[in-house]
Every structure is written in structure tokens, then in C-alpha cells.
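A.B. asks: got a predicted structure here, sequence first:
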Amino acid sequence: MPCDRQNHLAHYLGHPGRPCKFSDKIVYPGYFAGNPDTYDERFNTKYGVYSAHCGLDEVHMSWGHDEYLYHITKNHLPEEALYMIRYHSFYAQHREHEYDHLLNNHDQAMFKWVDKFNPYDLYSKAAKPPVVAELKPYYEDLIAKYLPSTVKL
């Protein structure tokens, strides 16, 4: 289990799934209309090419900043922090549970960390931005403690 400071680092750094049917609970689902997979019958069932409870490690997720950061930090942070980084933008799952049928038992247990992380992710959307100069020393210390000076993919 990560300590609070590791959770803070995961949040600081951390700023679905195909090929199966898209959930209408995905943020901006209308954008999938331009994706040819939307019209491919193989991908438009509940499970698509996946099997029940196959686990998220087997699911092809969209590549974005969350996945990039996961790969940068995966050898340096505990698994709980990595789940927070990797899946905090997967709202269709952690808010709506639209992909419970793909999660295995381990994913279900680990998603409690994503749920705990989510309220703190919202600070970046607050009306008043944080004072970076006040926070910078704290986060520089966390980075120095948990990450090497050079990270590799």
C-alpha cells in the first residue's frame, strides 16, 4: 500500500477500451462516430474480442498521458499508485462501472485506489489555481525521493 506521499506524487504526475462496444458513458461518446470500429460487428458486442473478466491488462486502452506516465513510473511506484495514474481518466469505469464485465478480481480490488484518488484529481479544475511556488519544493522532494534523475520507457 502506498503512503500518502506516494499518492501525492501519483496525483501530481497523473494529470477506453477497444475493441468492444463503446459505452455511451465515455466522455464525449459522439466522437466515436468517426471511428470505423464503431461499425465493425466484431467489436460491437458487450465483450467484443475479450472474454468475461479477462482483466484490464488484456484490454487495449487508448494511449494518452495517463498510459505514458504509467510506463514512465511503473518501475518506481507501488501498484496502487500506478492504478491511480493509469486509470483515473477511465470515468466510464470508475464512475459508471460500464466495464465491470472485463475487470478481474485484482482490478476490482485495485480500483478502490482510483476511487480514492479521483476527488483529489479535481483540484486542477478548481476556480482558484494553486500557488505553484508554494507547492514546488514539496513536489520536488517527492520526485527526488521516488523517481530516478532519468526515467526510461
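C.D. replies: Perfect, I can see it now. Model, not experiment: these values are computed from the prediction. Residues are numbered from 1 along each chain as shown.
A.B. asks: quick check: closest non-adjacent residue to the residue nearest to the spatial centre of the chain.
C.D. replies: The residue lying closest to the centre of the chain (CA atoms, centre = their mean) is Y87, at 1.6 Å. With sequence-adjacent residues excluded and distances taken as CB to CB, 6 or more residues apart in numbering, Y87 is closest to V114, at 5.0 Å. All C-beta spots, glycine's among them, are computed from the backbone N, C-alpha and C.
A.B. asks: pretty sure that neighbour contacts H88?
C.D. replies: Yes - shown here, V114 and H88 form a contact pair, counting by CB atoms under 8 Å, at 5.8 Å.
A.B. asks: what's the next secondary structure element after the helix or strand of the chain with the lowest mean pLDDT?
C.D. replies: In the chain, the helix or strand scored least confidently by mean pLDDT, DSSP states H and E is helix 4-13, which has a mean of 60. Sequence order places helix 65-73 as the next helix or strand after helix 4-13, per DSSP states H and E.
A.B. asks: now that next one: buried residues?
C.D. replies: 66, 69-70, 72-73 (16 or more other CB atoms under 10 Å).
A.B. asks: burial measure for Y31, as a count.
C.D. replies: 10 (other CB atoms under 10 Å).
A.B. asks: so which bits of the longest helix along the chain are buried?
C.D. replies: If you go by DSSP state H, the chain has its longest helix at helix 105-121. For helix 105-121, burial by neighbour count (16+ other CB under 10 Å) applies to 107, 110-111, 113-114, 117-118, 120.
A.B. asks: now stretch 27-38
C.D. replies: For stretch 27-38, using 16+ other CB under 10 Å, no residue counts as buried.
A.B. asks: and the closest residue to N104 other than its chain neighbours, how far from D107?
C.D. replies: Spatial nearest neighbour of N104, chain neighbours left out: G55 (3.8 Å); criterion: CB to CB, 6+ apart. As judged by CB to CB, to the nearest Å, G55 and D107 stand 6 Å apart.
A.B. asks: again, but for S51
C.D. replies: For S51, the distance to D107 - CB to CB - is 14 Å.
A.B. asks: the closest residue to F117 other than its chain neighbours: how many residues sit nearby?
C.D. replies: Nearest non-adjacent residue to F117, counting by CB to CB, 6+ apart: M84, 4.0 Å away. By other CB under 10 Å, 30 other residues sit near M84.
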